[in-house]
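Chemist: what follows is a predicted structure for the sequence shown.
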Amino acid sequence: MVSYKSIIAGVAALSMFAITASADAAAIRIGFDGNTLAANDDGSTGAVPIGFSIDFFGVVSSTLFVNNNGNVTLDSSLSTFTPFDLTSTGQQIIAPFFGDVDTRGAGSGLVTYGAGTVDGRTAFGVNWVDVGYFSSAVDLLNSFQLVLIDRSDTGPGNFDIEFNYDQILWETGDASSGSGGLGGDSARVGFSNGSGAAGTFFELAGSAVNGAFLDGAVNALIANMLNSDVAGRYIFQARNGEIIVDDGIPEIPLPGAFVLMFSGLFASRFFISKKRAA
């Protein structure tokens, strides 16, 4: 059962300026489809091998759970369908689009996952392509992807996280106070080390905001990017047990680049960085 807590530490959110990119550069990578999660609502896999070890905030894992509802978890499977606050959760979670995915409807795609490569590097990915929402609705379909990329060439357990988006038309399942895929408790995007409000976490600006992530919105997931030149692709680098987005040097973002916004006490172990100006 999810415990909702008051936010006593910082709320880290990354707000992006609109960036123009090639409209025909699809963000979702081909592959990572060797395994299929059967049509379901709120289901999960058992622990599946990543293919390499990842150091996620000091927790080294070689397996994860693929959850139908737009996320993977490292500690246990997750059936929760209404997205909870990633800044205060006790779950070790990486969520490209935490919302009530329902793949039972005729016309919905199924969640696929498995091994692959990115730029010659070993990778593991999960595809939520053309998936519907609860209850078995297929009038609006979303397409997004999570890719974990082995970067042990830079140090033990190091890896990259990619959130990739090609289409976001719904934001809420109808059991999460939404109607027709819209409104209610909207999707959240981000990750957490599972240490609650005193831990390390990230939520993308627009999380839980009605309409924010939908195609055509200011914060549309398909139109923005992070540490990438492909619209709809957001890259985070995990190095030495910390998550960074560039060169690992914690700095104030450059004007006109990415803005880190927070309130309360900022989580000291969470780093958002930009390269120093030449």
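Modeler: Alright, I've got the coordinates.
Chemist: excluding covalently adjacent residues, which one is nearest to residue 223?
Modeler: Excluding the flanking residues, the one nearest residue 223 by Cβ to Cβ, 6 or more residues apart in numbering is residue 231, at 5.8 Å. Quick note: C-beta positions are derived from backbone N, CA and C, even for glycine.
Chemist: format the CA atom coordinates belonging to stretch 221-228 as CSV.
Modeler: Output of stretch 221-228 as CSV, limited to C-alpha atoms (Å, rounded to 0.1, in the frame of the first residue of the first chain):
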residue,chain,number,x,y,z
LEU,A,221,7.2,14.9,-23.7
ILE,A,222,7.6,14.4,-27.5
ALA,A,223,8.6,18.0,-28.2
ASN,A,224,11.3,18.5,-25.5
MET,A,225,14.6,16.8,-24.7
LEU,A,226,17.3,16.5,-22.1
ASN,A,227,21.0,16.0,-22.9
SER,A,228,20.0,15.0,-26.3
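Chemist: what about that stretch, average pLDDT?
Modeler: For stretch 221-228, mean pLDDT is 96.
Chemist: same check, this time on stretch 169-185
Modeler: 98.
Chemist: quote the end-to-end distance of it.
Modeler: One end of stretch 169-185 to the other measures 15 Å (Cα to Cα, to the nearest Å).
Chemist: buried residues, that stretch. List them.
Modeler: Within stretch 169-185, the residues that count as buried by 16 or more other Cβ atoms under 10 Å are 170, 171, 172, 173, 174, 175, 176, 178, 181, 182, 184, 185.
Chemist: can you check stretch 210-228 too?
Modeler: 210, 212-214, 217, 219-228.
Chemist: tell me which two of those residues sit farthest apart.
Modeler: Greatest spacing in the buried residues of stretch 210-228, by Cβ to Cβ: 210 and 227 (27.1 Å).
Chemist: shaky segments in the chain?
Modeler: For the chain, the stretches with pLDDT under 70 are 1-25, 198, 245-278.
Chemist: let me see the ranges of the helices in it.
Modeler: With DSSP state H as the definition, the chain shows no helices.
Chemist: how about the closest residue to residue 186 other than its chain neighbours, phi and psi?
Modeler: Nearest residue to residue 186 in three dimensions, chain neighbours excluded: residue 171, at 4.4 Å (Cβ to Cβ, 6+ apart). With angles defined as degrees, to the nearest 10, residue 171 sits at phi -130, psi -10.
Chemist: contacts only, for residue 171.
Modeler: Listed by Cβ atoms under 8 Å, 6 or more residues apart in numbering, the contact set of residue 171 reads 99, 178, 181, 182, 183, 186, 187, 210, 211, 213, 214.
Chemist: isn't the last one up against residue 169?
Modeler: Just to be clear, that refers to residue 214. Yes: in this structure, residue 214 is within contact of residue 169 by Cβ atoms under 8 Å, at 6.7 Å.
Chemist: list the contacts of residue 96.
Modeler: Applying Cβ under 8 Å, 6+ apart, the residues near residue 96 are 70, 71, 128, 144, 145, 146, 163, 164, 165, 189.
Chemist: can you do 10 Å?
Modeler: With contact set as Cβ atoms under 10 Å, 6 or more residues apart in numbering, residue 96 has these partners: 70-72, 126, 128, 144-147, 161-165, 187, 189-191, 204, 221, 234.
Chemist: and residue 27, how far is that from residue 229?
Modeler: Distance, residue 27 to residue 229, using Cβ to Cβ, to the nearest Å: 11 Å.
Chemist: ok, now which ones touch residue 54?
Modeler: Shown in contact with residue 54 (Cβ under 10 Å, 6+ apart): 60-64, 74, 94, 124, 148-152, 157-161, 238.
Chemist: beta partners for residue 237?
Modeler: residue 160, residue 244 (DSSP bridges).
Chemist: measure how buried it is and give me the count.
Modeler: A count of nearby residues for residue 237, using other Cβ atoms under 10 Å, gives 21.
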